[in-house]
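> Got a sequence here, can you model it:
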Amino acid sequence: MIELRHLKAVAALADTGSVTRAASRLHLTQSALSHQLAALEDYLDTPLFERQQRPLKLTGAGEKLLELARRMLPEVEAARQAIARLKAATPTRELRIAVECHTCYDWLMPAMDAYREHHPEAELDLVPGFHAEPLALLTERQADMVIISEAKRQAGIAFHPLFAYEMVALTARSHALAARPYLTARNFEQETLITYPVPDRMLDLVRRVLKPAGVNPPRRTAELTAAILQLVASRRGIAALPRWAVQTYLERGYVAACPIGPRGLWGRLYAAVRAAEKETHAEFAALLSEMAFSTLHGVKPIAGSERNR
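Below you'll find the model as predicted:
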């Protein structure tokens, strides 16, 4: 089936002549756009672009789709704007989002942009700063949604499961631990652990692996993911971060990744909302999951038995 997203992809590629620039325009990763284009070509059973050409050149089939895109997309946008004007008399939809994790913005911001395309009247905003008790932002009405790693039952709060992701240990490529099939708590004992400057309860490695084993390695903190990885690469210590957050560095061979434990260490993310507004925010929560599954490496749905942990 040819969908609007396919027409937008063809138009963006034709306009920019580059997968990189087209992906940026569409708020997608290069990989997601390439997969989307490959699926469309597979459906049509014909190539749409001559990939050896720089800039990319449309084939005859691609020109036909571009003609359709040039005709249909303005009509769809005009209809969307007309509907938005009809809805202008309705109350503004407000969604203030607080984020517990440092690495969420890579997929959260594109999801917010995509939501605005469907709901131009919506006012989406991020609640700044670190919050020791993030769920209190909901009860105090300072936020409408909190992206959080634990779904602890609390009166008046409901949770939308977003996705599960693997936490991996990160070492310099030449580090002796890089050759191990997986790391245990004891492997961290003599290493400096580099983390974000957040409480231990927000660090899955510390809370679920090191503390239960009585391991308390020396610490060093850094605010940014890139800074943590630079310290790891220069053998100043080791770290544990979501695989999806460091995948591009792993592909470049900047650092090495190793599973934590024989089954890996998996974290989870949830969208917490006020229980009375769970259905109100269900569409955006679903969009967050969809964006994560289409753009992030190595994520999976949260199993039923994990949904209320």
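
> hey, let's count contacts and neighbours off CA atoms from now on
Noted.

> Outline the domain layout of this structure.
When the chain is parsed with automatic domain parsing, its domains come out as 4-87, 93-309.

> Need the ones you listed in TSV (columns: mean neighbour count).
Output for the domains of the chain, formatted as TSV (neighbours: other C-alpha atoms under 10 Å):
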stretch	mean neighbour count
domain 4-87	16
domain 93-309	18
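
> Let me have those domains in a markdown table, extended by mean pLDDT.
Below are the domains of the chain laid out as a markdown table (pLDDT from 0 to 100):
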| stretch | mean pLDDT |
| --- | --- |
| domain 4-87 | 86 |
| domain 93-309 | 89 |
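
> longest strand of this structure?
Selection of the longest strand in the chain by residue count, based on DSSP state E, yields strand 157-171.

> Which other helices and strands does the helix or strand following it contact?
Moving toward the C-terminus from strand 157-171, the next helix or strand (DSSP states H and E) is strand 193-195. With contacts taken as 3 or more C-alpha pairs under 8 Å, 6 or more residues apart in numbering; DSSP states H and E, strand 193-195 sits against strand 219-221, helix 225-233, strand 238-242.

> could you redo the last one with a cut-off of 7 Å?
strand 219-221, strand 238-242 (3 or more C-alpha pairs under 7 Å, 6 or more residues apart in numbering; DSSP states H and E).

> would you turn those strands into a markdown table with distance to Glu41?
A markdown table is the format used below for the helices and strands packed on strand 193-195 (distance: least, C-alpha to C-alpha, whole Å):
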| stretch | distance to Glu41 |
| --- | --- |
| strand 219-221 | 47 |
| strand 238-242 | 33 |
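
> Figure out which of those strands is closest to Cys104.
Counting by C-alpha to C-alpha, Cys104 lies closest to strand 238-242 out of those; the figure is 10.1 Å.

> got the residue ranges for the strands in this structure?
49-50, 57-58, 94-99, 123-126, 145-148, 157-171, 193-195, 219-221, 238-242, 256-259, 265-274, 299-300.

> who does the fifth one pair up with?
The reference is to strand 145-148. Paired with strand 145-148 in the same sheet, following DSSP bridges, are strand 94-99 (parallel), strand 265-274 (antiparallel).

> ok, now the last one?
Take DSSP bridges as the rule and strand 299-300 pairs in its sheet with strand 157-171 (antiparallel).

> chain center to the strand it pairs with, what's the gap?
Mean-position distance between strand 157-171 and its chain equals 10 Å (C-alpha atoms, centre = their mean, to the nearest Å).

> Not counting it itself, show me its contacts.
Outside strand 157-171, the residues within contact range by C-alpha atoms under 7 Å, 6 or more residues apart in numbering are 151, 178, 232-233, 238-243, 255-260, 264-275, 278, 285, 288-289, 298-302, 307.

> what do you get if the cut-off is 6 Å, keeping everything else the same?
By C-alpha atoms under 6 Å, 6 or more residues apart in numbering, the surrounding residues in contact with strand 157-171 are 232, 238-243, 255-260, 265-275, 289, 299-302.

> for stretch 129-140, same thing?
With C-alpha under 6 Å, 6+ apart, stretch 129-140 has contacts from Ala143, Asp144.

> Ala132 versus Ala32, what's the distance?
In this view, Ala32 and Ala132 are 35 Å apart by C-alpha to C-alpha, to the nearest Å.

> oh, I was asking about Ala82
Ala82 sits 43 Å away from Ala132, going by C-alpha to C-alpha.

> what pairs with the closest residue to Phe293 other than its chain neighbours across the strands?
Among residues not flanking Phe293 along the chain, Val299 sits closest, at 6.5 Å (C-alpha to C-alpha, 6 or more residues apart in numbering). Listed by DSSP bridges, the beta-bridge partners for Val299 are Tyr165.

> ok, His297 touching Arg243?
No: contact criterion C-alpha atoms under 6 Å: His297 and Arg243 do not qualify, at 7.1 Å.

> and the helix ranked longest in the chain, how far out from the chain's middle?
Using DSSP state H, we find that the single longest helix of the chain is helix 60-86. Put simply, helix 60-86 sits 28 Å off its chain's centre (C-alpha atoms, centre = their mean).

> hmm, back to that, out of the helices and strands packed on strand 193-195, which is closest to Arg93?
Taking C-alpha to C-alpha, strand 238-242 is the member of the helices and strands packed on strand 193-195 nearest to Arg93, at 32.0 Å.

> tell me the angle of that closest one relative to helix 225-233?
Interaxial angle, strand 238-242 versus helix 225-233 (axes from the mean of the first three to the mean of the last three C-alpha atoms, to 10 degrees): 140 degrees.

> now strand 238-242: how far from the chain's centre is it?
Distance of strand 238-242 from the chain centroid (C-alpha atoms, centre = their mean) equals 17 Å.
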